[in-house]
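**Student:** Dropping a prediction and its sequence here:
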Amino acid sequence: MGRKEGIKILPILTKSVGLEESGSGVSRSCYSGFDHLVLSICTGASKGSLFAMTGFHTVYVDDSGTDPKSNIVSAAFCVSTVGKWKSFEDSWSKIAKRSGFELKQFHMTEFAACRSTNPCRQCLSGKTSTKDHPWQRWSQTKRDSVLRQMAKAIVRHCECGFGIACTKKDYDEHVKNSPARSVANEPIGDQHFTFPLQVCGGELARWRSANRINAPLKFVFDLPNDAEKREIVNVFFAAAHNREKDQDGIEQWFETDGISYESKKSVPQLLAADMLAWAIATLRAREVFRTGRNFELYQVADVLLSSEHIKLGRIEKDTLAKWEQKTLLEAENKPLSAVQQD
């Protein structure tokens with residue numbers, strides 16, 4: 001289960017690091033918030049070494065459905081190099097400028113929920129307005145066009161991406177509240193989002209193995225609450241029990257010296273993971289509960305699933321039930337000496 005089990009899948013810094021103002025004799029920094037973030041999470045990095053880090057992979061992580069009212073939870077990883085992530089930010093910034101909104105305003109859930117024929121609750125209550133949600137006034141043609149452009153930029157600039165969803169009820173029944181949890185050989189979290197997070201980690205490990213990549217990984221998470229942050233550290237980055245770090249060339253857990261927790265409002269790369277997490281959560285909600293909008297989902301999923309390196313998948317109830325049964329049988333047949341060593 002968790003990171004290493006299979007799932008059902010549906011499919012260069014170009015500016016200088018400093019610019020001398022002409023005739024002023026004053027150095028003006030060309031760093032964006034993204035540049036500062038890169039330097040802050042890369043151990044030993046300096047302004048002069050920013051170009052040299054373009055081969056490092058950074059993983060941007062987001063989730064969807066952590067609200068207790070949600071029946072589906074999802075997580076997503078978007079992975080690429082520093083240079084490609086910079087190009088992604090430039091691309092999305094141009095799309096936003098042409099379309100008339102700011103990236104700090106954008107959030108996939110808010111975009112999908114707010115339209116001229118059906119404004120979102122926040123706009124109806126006066127908490128937000130068309131100034132915050134300019135897309136409310138857009139035609140369907142413009143909405144579709146902007147979403148497709150943004151999704152295509154993800155496909156173009158990300159080396160790989162994974163979005164995984166599961167039904168909370170199924171996870172509770174077969175994992176969280178199952179007796180198999182106490183005898184499992186790997187850490188299991190209390191937070192629902194931790195499970196799809198672990199599965200995304202397994203898909204990333206397979207991708208790294210298949211492409212023979214062992215370069216350092218940097219992780220950037222959307223701002224979590226305290227409980228979520230504890231699980232990221234104590235479950236996702238925890239070593240599995242009685243297991244080698246590498247099995248058949250696949251990492252069983254990640255070791256990283258670069259972890260950061262940031263806001264999507266200041267780090268637009270997180271919005272790529274936000275789009276994947278939203279897409280698979282909405283798709284799964286449509287499959288299981290017949291809820292969620294089709295318009296935005298079609299535009300985003302059509303682009304993402306047309307690529308070979310962006311994968312959206314869901315964990316079926318049957319998969320969780322089989323893991324539960326297998327784990328309990330393995331524990332039952334485990335030699336007493338091995339149990340005493342645990």
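**Tutor:** Thanks, I have it. Numbering: from 1, shown residues only.
**Student:** I am assuming Phe219 contacts Glu255, so please confirm or correct that.
**Tutor:** No - under the criterion of C-beta atoms under 8 Å, Phe219 is not in contact with Glu255, lying 11.0 Å apart. No exception for glycine: its C-beta is placed from N, CA and C like everyone else's.
**Student:** Which one of those two is surrounded by more residues?
**Tutor:** In terms of neighbours (other C-beta atoms under 10 Å), Phe219 is the more surrounded of Phe219 and Glu255; the figures are 22 against 10.
**Student:** Which parts of the protein are strands?
**Tutor:** 8-10, 18-20, 27-29, 57-64, 72-81, 160-167, 217-222, 246-247, 250-251, 259-262, 310-315 (DSSP state E).
**Student:** These: lowest mean pLDDT?
**Tutor:** Ranked by mean pLDDT, these bottom out at strand 18-20, with a mean of 24.
**Student:** Spatially nearest residue to Leu204 (excluding sequence neighbours)?
**Tutor:** Spatial nearest neighbour of Leu204, chain neighbours left out: Phe77 (5.7 Å); criterion: C-beta to C-beta, 6 or more residues apart in numbering.
**Student:** What about the one you found, how many residues nearby?
**Tutor:** Phe77: 28 neighbours (other C-beta under 10 Å).
**Student:** who's in contact with it?
**Tutor:** 59-61, 160-162, 200-201, 203-204, 273, 276 (C-beta atoms under 8 Å, 6 or more residues apart in numbering).
**Student:** I'd like those as a markdown table, with neighbour count and distance to Phe106 appended.
**Tutor:** Output for the contacts of Phe77, formatted as a markdown table (neighbours: other C-beta atoms under 10 Å; distance: C-beta to C-beta, whole Å):
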| residue | neighbour count | distance to Phe106 |
| --- | --- | --- |
| Val59 | 25 | 21 |
| Tyr60 | 30 | 15 |
| Val61 | 26 | 18 |
| Cys160 | 22 | 23 |
| Gly161 | 28 | 18 |
| Phe162 | 30 | 21 |
| Cys200 | 30 | 22 |
| Gly201 | 26 | 26 |
| Glu203 | 22 | 26 |
| Leu204 | 22 | 25 |
| Ala273 | 30 | 13 |
| Leu276 | 33 | 14 |
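**Student:** Can you add distance to Ile154 and give the strands of the chain back as JSON lines?
**Tutor:** Shown next, in JSON lines, are the strands of the chain (distance: least, C-beta to C-beta, whole Å):
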{"stretch": "strand 8-10", "distance to Ile154": "16"}
{"stretch": "strand 18-20", "distance to Ile154": "29"}
{"stretch": "strand 27-29", "distance to Ile154": "28"}
{"stretch": "strand 57-64", "distance to Ile154": "11"}
{"stretch": "strand 72-81", "distance to Ile154": "7"}
{"stretch": "strand 160-167", "distance to Ile154": "7"}
{"stretch": "strand 217-222", "distance to Ile154": "15"}
{"stretch": "strand 246-247", "distance to Ile154": "30"}
{"stretch": "strand 250-251", "distance to Ile154": "24"}
{"stretch": "strand 259-262", "distance to Ile154": "18"}
{"stretch": "strand 310-315", "distance to Ile154": "7"}
